[in-house]
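Asks: What would the 3D arrangement of this be:
(chains A, B and C)
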Amino acid sequence: MPRKLWDAVLAGVVALLLFVPLTGVSLSGYTLEGHWQRPLWLAVGVVLGRLLLGWFLERRQRMVGTTRRPGWITAWIDDHRPYIVIAAVIGALLVPWWIGKYWLNVAILALIYVLLGLGLNVVVGLAGLLDLGFVAFYAVGAYTYALGHHYFALSFWAAVPLGAMLAAGFGVVLAFPVLRMHGDYLAIVTLGFGEIIRLILNNWLEVTGGPNGLRVPFPSLFGMDFGRRASPGHVTLHEFLNIPYSNEYRDIFLYLLLFLVVCGMVFLVRRLRRMPLGRNWEALREDEIACRSLGIQPVTVKLSAFGLGAMTAGVGGVFFAASQGFVNPTSFTFLESAHILAIVVLGGMGSTGGVIVAAVVLTVLPEVLRDFAEYRGLLFGCAMVLMMMWRPRGLMGIRRARFHRSEVG
Amino acid sequence: MAEILSVRDLTMRFGGVVALNRVGFDVRKGSVTALIGPNGAGKTTVFNCLTGFYRPDAGAMRLMGADGVPLDLMELMGRPFQGSDWVSPRSFARRLYCKMFGGAALAARAGVVRTFQNIRLFKEMTVMENLLVAQRARVDNRMVSGIFQSSGYRRAEAEALERAWYWLDFFRLSEDGNRLAKELAYGRQRRLEMARAMCAAPRLLCLDEPAAGLNPNETRELADWILALRRGHGVTVCLIEHDMGLVMEISDHVVVLDHGQVIASGRPERVRDDPVVLEAYLGAPEGAEEGV
Amino acid sequence: MNAHILLQQLVNGVVLGSVYGLIAVGYTMVYGIIGMINFAHGEVYMIAAYLTAIFLAALTLLGIQSPPVVILMVLILTMAVTALYGWSIERIAYKPLRHSTRLAPLISAIGMSLILQNFVRIAQGARNQGIPTLLDGGVRLMENGPEQFVQITHAQILIVVTAIVSMGALWYLIQGTAMGRACRAVQQDRTMAALLGVDTDRIISVVFVLGASMAAVAGTLVTFNYGSFDFFIGFVTGIKAFTAAVLGGIGSLPGAMLGGLVLGLSESIFSGFVNTDYKDVFAFSLLVLVLIFRPSGLLGHPEVEKV
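Replies: Reported below is the predicted structural model:
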């Protein structure tokens, strides 16, 4: 006990040394303002945190050797899985009709993050490749639509496959040379690439409009517009269906379309995980050398995961551009990559349900908590560090496919 | 009987250290060949060369293909480009392919499959999944047919499952099929690694110290399994082993390495009585004096 | 091509290169010893820049005016506190995860980097900060007209000299002391070194501390030279310094310095003669090209895979 206390006090002293110069005073012009209470509170927090951590580590030490029983929440979820899925689908289909325009936009954003989370989950959670520039492929998708529309009058329906292909192409070209090497290189190259894409979008004024961005039109449905008045040669939806005009229809339409895409992605990932390709992803994450000794070529398998992830991001980007009606480079900063990575990490690295829940929570939270935006980066960072200490393999544990001997023989 | 593998003048250096110096030996089809020697003699390096993890500096390794055509393993490891590679687009493409993807994966596809001294399993995956991953070549790998579960895909998957169950039964692991590999006891992990290697359809199975860490009973079983593999499944086995009892019992041919060189080879009992081998194992002076 | 511009860009390149080299040392040492990229290293550099301004303001408030004394004291104080940051990063983001999955330390390090960046932003405000000029003036060479000269400022001289001195000190620490020998032993084979009684945990901490102090030197010098910084400078500079480390051959100390110089020079020439807006794009493309064609870098050894 005294040893633990001593550790905590030591941590507090270190914390004071760290925090006094950076938080105790703040720069104001060429002189300083004092905030002496801030480092004190932080240090107190560190002491308490260290005590808690010591207690936690001791508990874990005692648990070594005993297999962890799933908690009652996990057990309950496992038992009621089909009901939960059905309830979630019905809920998701009902939601857009009630919540109003503001929350509808939040819901669309949440679905986009679900899609991005599922895509990055394939790369990070299943294939074990750390992609820190995921937002670059998201940007490729968004700008495919924006630039395509601006220069070639590309429609939304053409932009989705084109954006997906372009993003996947970028991903493959970027990752191919790096995947042959030590895994960390991929992380830093993608980190750099994310920043480069943003720089190019920002600086290439003649083509991308720079920081001013580009306007993006709303998608049409079978040639019908969602506006109050039809553009020349088009019909509007409310006239066609003979219903009163509402500006919510277009958002509801986009929401339902996105929901369909997300369902498709969930289905795809689920299938892939039970197919040779998906198993190879996971096998590579576990042990690359063993994979090679069995005849699996790491580069092609990794490329497929990376390309699929990039493709999803590309689709997400097209939807993002369509829902905002406008794109500019500030939507594609590193913090955005961190947001998606936080979704995957909190969702439990490989668990589809976890990623969906995490994406929804992390998108709705900022709308509920006013100060969230200010502390977003800090919280994401803390979440990543703590999750890695606590449960590096995720909160819920991944359900694995079970095999039974067929009776036929 | 024909040779399935012939190794000639295999040489490998790490910086200034010569790990292998003109190593040569043959493995006959359907035999059990043991590589023995003191620690650091270069046995695992030979394995790493055979299975494509290292590219030797010089030498030749030829594997008899299933169709009877000898296959140059050195070629598969992605040797540097040579003059003749630039002549025809086809040989250039092949060279580029080997260079990009070459090494271990291509060696495994050619039929040289191995296990590892420190067991390498896919720990967070189940036992069955471990075995299914190994059947890469047998299961339809196309994405589309898998996603829509075409009948061809389902048939291939069912066959793969059946084969996986077969090898689980063979190594008496059937009740562990749905457990995570990391949960198995040590001896079972060794067996799982062998079962997984068998699922990859090897023509030459390379076992790196399969008996390490096993108790006498388990070693006994291991001997039976290796003999059964050879007899019942026509697999050629090449193994590195320190347990002399096991080596003497199951091998047809023994190659002794020391300091990266082959110092003796032949039938087990002849090698056992060879004074050069005793010297290498026991240290020169005593062994030699007793012999005299 | 104008000879004056070329020479001026070469001078700027050497200065920039010394800075990259100082930061790259941290990447290369950490990579050499634990085989991982320290993603939070760029933020360490950014923190050093803030600490420099804070200590400078504090010393001014205390009435210490003489530039040499101020520079030396700021440098020492910044190095000390930044080193403590380096140590804490290792304790929090790396040490608890030494036996975890391969991805865990990478993710926790990137989390650490986010924490540091946002922590500084919240504590010090998001706006651009600056310090007053301490060293002005410089030496003009080859002057033959109003626009025709090559200028080397005193601050630039300070950067190069300090960089050389601190690199020299580091080189002596690694090559000439018992602790340095232990570092090299751990780099060669961590398990073996531990068996022989080297306290590997302590050595890993030492490496983080040394790397952070070098980044602190870089942060202080750059702040003295340019005078302005914000909470985001660690990000791009970190990637570039990592490029320098890879260029020189990751794991090799002389490689980091050489890589820094090569990157600094080529980047200066690129921005002088081609385009300033895309100099970061250039540095990054260099990283990818090096990874494709010479992953072991200029001075590194090709990695032999452990099977």
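Asks: From now on I want contacts and neighbour counts done on CA atoms only, so please keep to that.
Replies: Fine.
Asks: what ranges do the strands span in the chain?
Replies: You didn't say which chain, so I picked chain A. Here chain A has its strands, by DSSP state E, at A:25-28, A:31-34, A:214-215, A:224-225, A:235-236, A:326-327.
Asks: wrong one, chain C
Replies: Using DSSP E, the strands found in chain C span residues C:129-130, C:138-141, C:150-153, C:228-229.
Asks: Let's have these in CSV, adding mean neighbour count.
Replies: Shown next, in CSV, are these (neighbours: other C-alpha atoms under 10 Å in any protein chain shown):
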stretch, mean neighbour count
strand C:129-130, 20
strand C:138-141, 12
strand C:150-153, 19
strand C:228-229, 18
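Asks: out of the ones you listed, which comes closest to chain A?
Replies: Taking C-alpha to the nearest C-alpha, strand C:129-130 is the member of the strands of chain C nearest to chain A, at 7.1 Å.
Asks: Find the closest residue to chain C in the stretch 301-409 of chain A.
Replies: Closest to chain C within the stretch 301-409 of chain A is residue A:381: 3.8 Å, counting by C-alpha to the nearest C-alpha.
Asks: So, low pLDDT: which residues of the stretch 51-200 of chain B?
Replies: B:78-81, B:85, B:99-102, B:137-144 (pLDDT under 70).
Asks: The stretch 251-400 of chain A too?
Replies: A:394-398.
Asks: and the residue of it nearest chain B?
Replies: Chain B sits closest to residue A:295 of the stretch 251-400 of chain A, with a gap of 3.9 Å, by C-alpha to the nearest C-alpha.
Asks: which ones are touching the residue lying closest to that residue once chain neighbours are set aside?
Replies: Spatial nearest neighbour of residue A:295, chain neighbours left out: residue B:105 (3.9 Å); criterion: C-alpha to C-alpha, 6 or more residues apart in numbering or on different chains. By C-alpha atoms under 8 Å, 6 or more residues apart in numbering or on different chains, the contact set of residue B:105 is A:291-297, B:52.
Asks: Export those to JSON lines and append columns for neighbour count.
Replies: Output for the contacts of residue B:105, formatted as JSON lines (neighbours: other C-alpha under 10 Å):
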{"residue": "A:291", "neighbour count": "25"}
{"residue": "A:292", "neighbour count": "24"}
{"residue": "A:293", "neighbour count": "28"}
{"residue": "A:294", "neighbour count": "32"}
{"residue": "A:295", "neighbour count": "25"}
{"residue": "A:296", "neighbour count": "27"}
{"residue": "A:297", "neighbour count": "21"}
{"residue": "B:52", "neighbour count": "25"}
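Asks: Next, count neighbours for residue 247.
Replies: The chain I'm using is chain A. Residues lying near residue A:247 (other C-alpha atoms under 10 Å in any protein chain shown) number 11.
Asks: let's do chain B instead
Replies: Residues within reach of residue B:247, counting by other C-alpha under 10 Å, total 22.
Asks: which SSE is it in?
Replies: Using DSSP states H and E, residue B:247 sits within helix B:244-250.
Asks: what separates residue B:210 from residue B:246, distance-wise?
Replies: 10 Å (C-alpha to C-alpha, to the nearest Å).
Asks: more neighbours, the two?
Replies: Neighbour count, other C-alpha under 10 Å: between residue B:210 and residue B:246, residue B:210 has more, with 26 against 16.
Asks: The more buried one: what's it in contact with?
Replies: Counting by C-alpha under 8 Å, 6+ apart, residue B:210 touches B:115, B:117, B:190, B:239-241.
Asks: Can you name the residue of the stretch 51-200 of chain B nearest to chain C?
Replies: Residue nearest to chain C within the stretch 51-200 of chain B: residue B:53 (7.5 Å; C-alpha to the nearest C-alpha).
Asks: quick check, that residue in a helix?
Replies: No: using DSSP: H, G, I helix; E, B strand; the rest coil, the secondary structure at residue B:53 is coil, not a helix.
Asks: Would you agree it is in contact with residue B:112?
Replies: No: proximity of residue B:53 to residue B:112 does not meet the contact threshold set by C-alpha atoms under 8 Å, at 11.6 Å.
Asks: what does chain A have sitting close to chain B?
Replies: Proximity of chain A to chain B (C-alpha under 8 Å from any C-alpha of the partner chain) is limited to residues A:268, A:271-272, A:275-277, A:279-280, A:282-283, A:286-287, A:290-297, A:299, A:400, A:402-403, A:405.
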